[in-house]
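Q: kindly return the folded structure for what I paste below:
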Amino acid sequence: MGTNNQISKEIPSSVLEEVTQKLQECKSALAPYLQALTADQRKSLFKMGDKTIATVQKVKSYLDTNAEFAPAYMNKEEFLKDEAIVSQLNPLANLAQQLASDMEDTVMLAGSEALVAAMLYYGPVKEAARQGIPTAKPIYEDLSQRFSKRSAKNAPPKP
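A: Residues are numbered from 1 along each chain as shown. As a prediction, the model looks like this:
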């Protein structure tokens, strides 16, 4: 178990407060235009990807030039609203996904390094408690609950 430190940064609280405020502002500004879905609703919908975005945009272009092919039962106004939302929000969603991915990666890396350091601390505490050092015992008892290995009967089955 090495201690190869790949990230050594401190984020000033002023930066975190500013980003939190700006993200809350973004969330509030978009809230009237966003729609949350249940898991079942998400499963039941057609999914739009890169190819289908291009298809929808091409249909929009054809509707502008050849509207005579739009069926009477197609609500052209609603189609145009839906296409506009996709075109407007897709770049923002991509940016938000990039930000979320970078934050998740940073949390994962920093968390891994913090966990390794915590395990390095736990080892000497465990040994000191075994040696009967009184101040180590309560620390060991507290931390041992978090570092205990699963017993064989509680462990998941091996494949």
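
Q: max-length helix in this structure?
A: Longest helix of the chain, by residue count under DSSP state H: helix 76-130.

Q: give me the three-state assignment for residue 73.
A: At residue 73 the chain is in coil, as set by DSSP: H, G, I helix; E, B strand; the rest coil.

Q: hmm, I typed the wrong one, I wanted residue 132.
A: When classified by three-state DSSP, residue 132 comes out as coil.

Q: look at it and report its pLDDT.
A: Listed pLDDT for residue 132 reads 95.

Q: now do residue 50
A: pLDDT for residue 50: 85.

Q: next up, the contacts around the residue nearest the centre of the chain.
A: Centroid check for the chain by CA atoms, centre = their mean gives residue 100 as the closest residue, at 5.3 Å. By CB atoms under 8 Å, 6 or more residues apart in numbering, residue 100 lies in contact with nothing. Heads up, the C-betas are built off the backbone N, CA and C, glycines and all.

Q: from here on, call the first residue 41.
A: Let's use 41 as the start, then, which means that last one is residue 140.

Q: gap between it and residue 63?
A: 11 Å (CB to CB, to the nearest Å).

Q: how about residue 152?
A: Counting by CB to CB, the gap from residue 152 to residue 63 is 25 Å.

Q: swap in residue 96?
A: 29 Å.

Q: do residue 47 as well
A: Counting by CB to CB - residue 47 and residue 63 are separated by 22 Å.

Q: which parts of stretch 175-192 are buried?
A: Buried residues in stretch 175-192, counted by 16 or more other CB atoms under 10 Å: 176, 179-180, 183.

Q: next, the contact list for the nearest residue to residue 180 once chain neighbours are set aside, please.
A: Nearest non-adjacent residue to residue 180, counting by CB to CB, 6 or more residues apart in numbering: residue 169, 3.6 Å away. By CB under 8 Å, 6+ apart, the contact list for residue 169 reads 176-177, 179-181.

Q: mind redoing it with 10 Å?
A: Residues near residue 169 by CB atoms under 10 Å, 6 or more residues apart in numbering: 175-181, 183-184.
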